[in-house]
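> Provided below for reference: sequence and predicted model.
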Amino acid sequence: MGTEIERKFLLGDASWRALVQTTERFQQGYLANTSLASVRVRIAEQLGGEVTEAWLSVKSMTPSLVRQEFEYRIPVEEATALLALCEGPLLDKMRHFVPVGQHLFEIDEFAGDNAGLIVAEVELEAPEETFPRPAWLAQEVTHLERYYNFRLARYPYNAWTLAERSPE
């Protein structure tokens with residue numbers, strides 16, 4: 001059984017951009033999005049436009065740092081067909097990979113209906129694991145479900161009120 005332990009943060013400034021190691025574009029959509037689990041299809045492409053990989057993922061909706069996650073590589077042609085079956089807008093984002101010490105931060109810069117939203121995620125081995133907190137990290141939003149991709153597919157960032165854009 002797969003497990004994901006992830007923390008999510010807003011960014012305080014753009015100084016992280018100078019540290020980007022690689023960047024990929026992701027398109028993803030949700031085939032199911034229930035109170036128990038989400039079923040996601042995702043296609044990744046390099047910056048030159050070459051599609052490289054595709055996955056089908058199932059994630060539990062546990063309201064904690066630790067969630068079940070099952071991820072399976074699938075042929076790109078099948079992923080493209082599955083994206084056409086997804087309800088709601090597809091998520092379109094650039095994922096920037098930024099190494100910090102022994103950890104890799106994944107910074108998602110959203111486009112389309114979620115343009116303007118940028119979040120950093122770090123995956124951990126254990127909930128209590130310590131990790132470096134670079135100066136460009138701002139408020140933690142791990143506990144705020146509206147920042148999760150499965151919610152952004154239903155209620156995109158550009159529809160949020162000013163109050164919702166504040167992580168308080």
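Yep, that arrived. Numbers count the residues shown, from 1 in each chain.
> read off the pLDDT value for the spatially closest residue to residue 115 that is not a sequence neighbour.
Closest residue in space to residue 115, ignoring its immediate chain neighbours: residue 158 at 6.5 Å, by CB to CB, 6 or more residues apart in numbering. No exception for glycine: its C-beta is placed from N, CA and C like everyone else's. What the model reports for residue 158 is a pLDDT of 95.
> I figured residue 158 hits residue 111, correct?
No: under the criterion of CB atoms under 8 Å, residue 158 is not in contact with residue 111, lying 10.7 Å apart.
> have a look at the two and say which one is more surrounded.
Using other CB atoms under 10 Å as the criterion, residue 158 and residue 111 rank with residue 111 on top: 14 against 11.
> phi, psi for the residue lying closest to the more buried one once chain neighbours are set aside please.
Nearest non-adjacent residue to residue 111, counting by CB to CB, 6+ apart: residue 92, 4.5 Å away. Dihedral pair for residue 92: phi -130, psi 120, per degrees, to the nearest 10.
> does residue 92 really touch residue 109, like I thought?
No: counting by CB under 8 Å, residue 109 is not a contact partner of residue 92; they are 10.1 Å apart.
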